[in-house]
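*Asks:* Pasting the sequence and the predicted model now:
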Amino acid sequence: MAALAPTSLSKDPSSNPTLTIFGSRLKSGQIQQTQFRLCSSFRSNTGLKLKASAEPPALTQERMAETGTAPDLFDEMKNRFLSFKKHKYMENLEHFQALSKAQAPKFMVIACGDSRVCPSNILGFQPGEAFTIRSVANLVPTYESGPTETNAALEFAVNSLEVENIFIIGHSCCGGIRALMSMEDEADSSSFIRNWVIVGKKAKLITKDAASNLSFDQQCTHCEKESINCSLLNLLTYPWIEEKVKRGVLSLHGGYYDFVDCTFEKWTLDYKGSIMEGKNRAVVKNRSFWC
């Protein structure tokens, strides 16, 4: 049993922090650079903002190369749907008809809304296997924080669907974590983004204490992993979650997807070990690396 320690931190020099979420644009000549250079290529803004890339969506790039013109995005989406219906739905009709009557997923997945980290695409979840909620930086607020979409989904998944596993999945170059690490305590409280990412403040403080000698990008990577553990501990503040974990009918897991190197880390919260630490420190077990 051991506390999860962030690993594989680059020695790349620090760069200016950015408050951009989900949007990135690589600088010229940097496409083949290291993970932290990719992360640092996010352009800085004066406030907490969401920014869409000006580059053509991947959905259209292949067709543009063939015809020189951009097709209607919904035409392509229609073709994808019809392909799904023909090759997956109709060929597994009995399975999908059963799903139309009820669902019994083994997993609840809490993942970031970042378009590059779709958990079903990365981990191969099929319809009916994972009840999924996606939000900025895959954060879980405490029970005492009050109602949010995340804890409403937790209540349904745990108490109604009776999932056996809650899997929090973080990822590299997370814009939400960069916003958390960048913002000042006196930042504008009217910002929806700030009022959400502040859920991860404990992870930020732990990171600043443990990794103050590292570059900003390295600190962000540290916090991306630390925030997962803090969210795992936050899950234990929900009485009906802790009761099931204590009885051994529900397990809590963390995962970290590095989309630069395409690697995945997975671990499980050690409930008894974490209780011995007073729920102030996540103790983990069954840690593995998929690469």
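*Replies:* Great, that's in hand.
*Asks:* Specify the helix with the largest residue count in this structure.
*Replies:* Taking DSSP state H as the criterion, the chain has its longest helix at helix 216-235.
*Asks:* Which secondary structure elements does that one sit against?
*Replies:* Applying 3 or more CB pairs under 8 Å, 6 or more residues apart in numbering; DSSP states H and E, we find helix 216-235 packed against helix 35-40, strand 165-171, helix 175-182, helix 201-210, helix 239-247, strand 251-258, strand 263-269. Where C-beta positions appear, they are placed from N, C-alpha and C, glycine not excepted.
*Asks:* Past the third one, which element shows up next along the chain?
*Replies:* Downstream of helix 175-182, the first helix or strand assigned by DSSP states H and E is helix 192-197.
*Asks:* Make sure Ala210 is actually in contact with Gln219.
*Replies:* No - counting by CB atoms under 8 Å, Ala210 stays clear of Gln219, with 9.2 Å between them.
*Asks:* who has more neighbours, those two?
*Replies:* Gln219 (25 against 15; other CB atoms under 10 Å).
*Asks:* OK, contacts around that one?
*Replies:* 181, 207-208, 211-212 (CB atoms under 8 Å, 6 or more residues apart in numbering).
*Asks:* which residues of the stretch 51-200 of the chain fall in helices?
*Replies:* 58-67, 73-84, 93-99, 119-123, 149-155, 175-182, 192-197 (DSSP state H, counting those that start in this stretch).
*Asks:* From the chain's centroid, how far away is the longest one?
*Replies:* This points to helix 73-84. Centroid separation for helix 73-84 versus its chain: 27 Å, with CA atoms, centre = their mean, to the nearest Å.
*Asks:* so which of the contacts of Gln219 is the most crowded?
*Replies:* Thr207 leads the contacts of Gln219 on contacts (other CB under 10 Å) with 26 neighbours.
*Asks:* For that one, which non-adjacent residue is spatially closest?
*Replies:* In space, and not counting its chain neighbours, Thr207 is closest to Cys223: 4.2 Å by CB to CB, 6 or more residues apart in numbering.
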